[in-house]
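Asks: Show me the folded form of this:
(chains A and B)
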Protein chains: 2
Amino acid sequence: MSLEIVRRIAETRDAVTRFRRAGHTIGLVPTMGALHEGHRRLIETARAECGCVVVSIFVNPIQFNRTDDYERYPRALDADTRFCEEHGADLIFVPEISEMYPRPQRAFVEVERLTEHLCGKFRPGHLRGVTTVVAKLFNIVQPDRAYFGEKDAQQLAVIRRMAADLNMPVEIIGVPTVREANGLALSSRNQHLTPAERENAAVISCALRAAEAAVRSGARTADEVRAAALSVMARRPEFRVEYFEIVDVEELQPVNEITGPVLVATAVWAGTTRLIDNVMVNREGD
Amino acid sequence: MSLEIVRRIAETRDAVTRFRRAGHTIGLVPTMGALHEGHRRLIETARAECGCVVVSIFVNPIQFNRTDDYERYPRALDADTRFCEEHGADLIFVPEISEMYPRPQRAFVEVERLTEHLCGKFRPGHLRGVTTVVAKLFNIVQPDRAYFGEKDAQQLAVIRRMAADLNMPVEIIGVPTVREANGLALSSRNQHLTPAERENAAVISCALRAAEAAVRSGARTADEVRAAALSVMARRPEFRVEYFEIVDVEELQPVNEITGPVLVATAVWAGTTRLIDNVMVNREGD
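Replies: Below you'll find the predicted structure:
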């Protein structure tokens, strides 16, 4: 099976229709390119479950709240193409901006409440840009299943809620975060880190594990858990913590008492590079 | 062909899938029930163009900005069912509120700019409620075509823009307004009018025709056109004009100079009943 590379929406619909008529389940892996082992896990999961795997590669301008971040977001189309081929994608959809936004975009999909905290608080418009482009991609590809990384936990929760609330005929699949040997969650933005930052950024996953350990060993308030985590983060003062929050898993609202499963999530800055990571925590025995 | 009445989303998907597998084009006529000759025109247009005609009947709570309006909105399910059968629908989808909104709705489809004026200005949240429920219905039924009345001109323009901007795989069809002999545009809310109001409400379409005549006879500013129309409305001071606007047909922004096609739209109150109507106007020879 060879990889088909498509730049137009109409051609994408045609190609997917051929696969669907041949009886294949359609899996979509939406990406912004600069593919790494985290994306590989997404593509492989889709490959195992679907007869047709579509990877979209589009650096979506409307989800960047900072121009500098958009401009320096890594692009690597040739390498990405080889990567998709190697890992068994059937089709890559690589639209130009003018194909996705041929006129001023006026229609948006917005998810309330779940976007109030965490990244939603610090990146205004970001999640609305994500839900809008994902809705567009769903309408273009009409996948049976779509695959998203758990690293972007708020994004995943928001997309799940969008799909459920709007009755989108697609199953949303969360795929576990892939990490470096030192625990750093893989991200295309890791390319911007210096070797020292990359090594020391292990502190982020250490802090999350400290939070998890605090919950499991009996901490019952978010303050206790946060304090445990931040004392770990304090070992590396070169990383500036933007947020370190403990929220419920349904609507991502900050909790005080920990009575059920929670999402512990953080964003930190390494110089001008922003890194995020998270862990879902259940109390021992829950 | 007998009419199938379905209350569940899953059953609707199954029924539509059967029609689609049999090779039929799917047409959707979204309504809030209390069906009249305007809806008949929608159903008949769909019938002429599609192998499967689905009528949805759902008084959508999230598009009502006033509780009293929601509560007194006419319901007539038995009559509506007979009406759909008589006019050749294949399927009616009549969900309960709990089927459409099983949890607090957090995801919304919002269209900016086109919703700033006209009804959007006076009914906050109304158009967002419409686009959200229409997006849900599109995702449930997955129609090839969907039919909307031109009487609700802003709604139609907003839905067209939603479908285009979000790449929804559906063609939006506008169907001409059906009128009483005296010119009053049909609306389920006309039931609330007294016989005298119903007769005198002819003034609304007279005012719109006066606006149209003013443009065609050379009026070049919105102020001139509005003055011509409002002098007609003034004959019936019992109707309170909420707005009488002249906007461009692309993004529904108020125009001062009339240089191209415009939408002339009005909302008036007859006691506690709100009526809307509109006309698209091209200059003579355009």
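Asks: So, low pLDDT: which residues of chain A?
Replies: A:1, A:284-286 (pLDDT under 70).
Asks: List, one by one, the residues from the stretch 1-150 of chain A near chain B.
Replies: Residues of the stretch 1-150 of chain A lying near chain B by Cβ under 8 Å from any Cβ of the partner chain: A:9, A:13, A:103-114, A:131-132, A:135-136, A:139-140, A:142. Any C-beta I mention is one placed from the backbone N, CA and C, and that applies to glycine too.
Asks: Please produce a ChimeraX select command covering the buried subset of these.
Replies: The buried subset of those, as determined by 16 or more other Cβ atoms under 10 Å in any protein chain shown, is captured in ChimeraX by this line:
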select /A:9,13,105,106,107,108,109,110,111,112,113,114,131,132,135,136,139,140,142
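Asks: Chain A: strands as residue ranges?
Replies: A:4-6, A:26-31, A:52-57, A:91-93, A:107-111, A:145-149, A:171-175, A:239-248, A:262-270, A:273-281 (DSSP state E).
Asks: Among the ones you listed, which comes closest to B:Pro169?
Replies: strand A:26-31 (13.4 Å; Cβ to Cβ).
Asks: A:Phe138 is in contact with A:Asn167, isn't it?
Replies: No. Applying Cβ atoms under 8 Å, one finds A:Phe138 not in contact with A:Asn167, separated by 11.7 Å.
Asks: and the two? which has more neighbours close in?
Replies: Shown here are A:Phe138 and A:Asn167; by other Cβ atoms under 10 Å in any protein chain shown, A:Phe138 has more neighbours (26 against 17).
Asks: Distance of that one relative to B:Asn139?
Replies: According to Cβ to Cβ, to the nearest Å, A:Phe138 and B:Asn139 sit 9 Å apart.
Asks: Mutual contacts of these two, please.
Replies: Shared contacts of A:Phe138 and B:Asn139, defined by Cβ atoms under 8 Å, 6 or more residues apart in numbering or on different chains, comprise A:Met168.
Asks: Would you map the helices across the stretch 101-250 of chain A?
Replies: Taking DSSP state H, counting those that start in this stretch to define them, one finds helices in the stretch 101-250 of chain A at A:119-122, A:126-141, A:153-165, A:195-200, A:202-216, A:222-233.
Asks: The third one vs strand A:273-281, what angle?
Replies: Interaxial angle of helix A:153-165 relative to strand A:273-281 (axes from the mean of the first three to the mean of the last three Cα atoms, to 10 degrees): 60 degrees.
Asks: and helix A:153-165 with chain B, contact?
Replies: Yes. Helix A:153-165 lies within reach of chain B by Cβ under 8 Å from any Cβ, at A:Arg161, A:Met162, A:Ala164, A:Asp165.
Asks: can you name the two of those residues that are farthest apart?
Replies: The widest separation within those (Cβ to Cβ) is 7.4 Å, between A:Met162 and A:Ala164.
Asks: Same drill for the two, tell me which one is more crowded.
Replies: Legend: neighbour count by other Cβ under 10 Å for A:Met162 and A:Ala164, higher for A:Met162 (26 against 15).
Asks: The more buried one and A:Gln155 touch, don't they?
Replies: No. Applying Cβ under 8 Å, one finds A:Met162 not in contact with A:Gln155, separated by 10.3 Å.
Asks: Need the helices of the stretch 101-250 of chain A in JSON lines (columns: distance to B:Val281).
Replies: Converted to JSON lines, these look like this (distance: least, Cβ to Cβ, whole Å):
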{"stretch": "helix A:119-122", "distance to B:Val281": "44"}
{"stretch": "helix A:126-141", "distance to B:Val281": "33"}
{"stretch": "helix A:153-165", "distance to B:Val281": "39"}
{"stretch": "helix A:195-200", "distance to B:Val281": "63"}
{"stretch": "helix A:202-216", "distance to B:Val281": "61"}
{"stretch": "helix A:222-233", "distance to B:Val281": "60"}
